[in-house]
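Asks: task: produce atomic coordinates for the following.
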Amino acid sequence: MRSIVDGNRVLARGPWTGKLAAALMLAGLLSGCSTSSGLCDSFGPSQRASMAVPPGASAQKVFACLDEATSGKGDRPEYAGKGQAVRDLATGVYETDQYNASNVSGFRLKAELSKQTPSSLALTLRGAGAYCADLGVDAEMARLKADVSACLQR
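Replies: Next up, the predicted model:
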């Protein structure tokens, strides 16, 4: 039987020495993978912004402009998920499909319309790709704000 000895302590003994080390390394890698997706969701590429909403613009109008800006048509990127965005007119909250899902690749948007006067729209944009790569959230936020603002002016 083999033993690994450090000073007066026996660190490992027997034929399992290498297998134990390999198993511990594999467990560390696997837990690192699950931890990294959680960290990407929490601390991954995202951008927050706020914009003024013209007086008299209804929540339906704001949500319609958000739908248009996130449609994925023309030069606009496609947002994650193919489902319908969640709209809560009572609270003024708009979320694209899969906004709260973890480990999702693509842009995801949450918008909150304030009920104060003058009204404002708080935008939170997530944009992670494979391995938590930034899909360009800064540029997409600028484009999104410009498109929503232009739509609201019509």
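Asks: for the residue sitting nearest the centre point of the chain, give me its contacts.
Replies: Centroid-nearest residue in the chain: Arg126, 3.7 Å away (criterion: Cα atoms, centre = their mean). Taking Cβ atoms under 8 Å, 6 or more residues apart in numbering, we find Arg126 in contact with Asp41, Gly44, Pro45, Ser46, Tyr99, Phe107, Arg108, Leu109, Val137. Every C-beta, even on glycine, is put in place using the N, C-alpha and C of the backbone.
Asks: any idea how far the last one is from Leu125?
Replies: When Cβ to Cβ, to the nearest Å is the yardstick, Val137 and Leu125 sit 5 Å from each other.
Asks: quick one, which of these two is more surrounded?
Replies: For Val137 versus Leu125, neighbours defined as other Cβ atoms under 10 Å are more numerous around Leu125 (25 against 19).
Asks: report the buried residues of the helix or strand hosting that one.
Replies: For Leu125, the host element (DSSP states H and E) is strand 120-128. Residues of strand 120-128 classed as buried by neighbour count (16 or more other Cβ atoms under 10 Å): Leu121, Leu123, Thr124, Leu125, Arg126, Gly127, Ala128.
Asks: at which residues are the strands of the chain located?
Replies: Taking DSSP state E, the strands of the chain run over residues 3-6, 9-13, 46-52, 86-88, 93-95, 106-113, 120-128.
Asks: okay, the ones you listed in CSV with mean pLDDT and distance to Ser71 next?
Replies: Formatted as CSV, the strands of the chain follow (pLDDT from 0 to 100; distance: least, Cβ to Cβ, whole Å):
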stretch, mean pLDDT, distance to Ser71
strand 3-6, 59, 62
strand 9-13, 60, 60
strand 46-52, 96, 19
strand 86-88, 93, 15
strand 93-95, 96, 14
strand 106-113, 95, 12
strand 120-128, 95, 15
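Asks: alright, that wraps it up for me.
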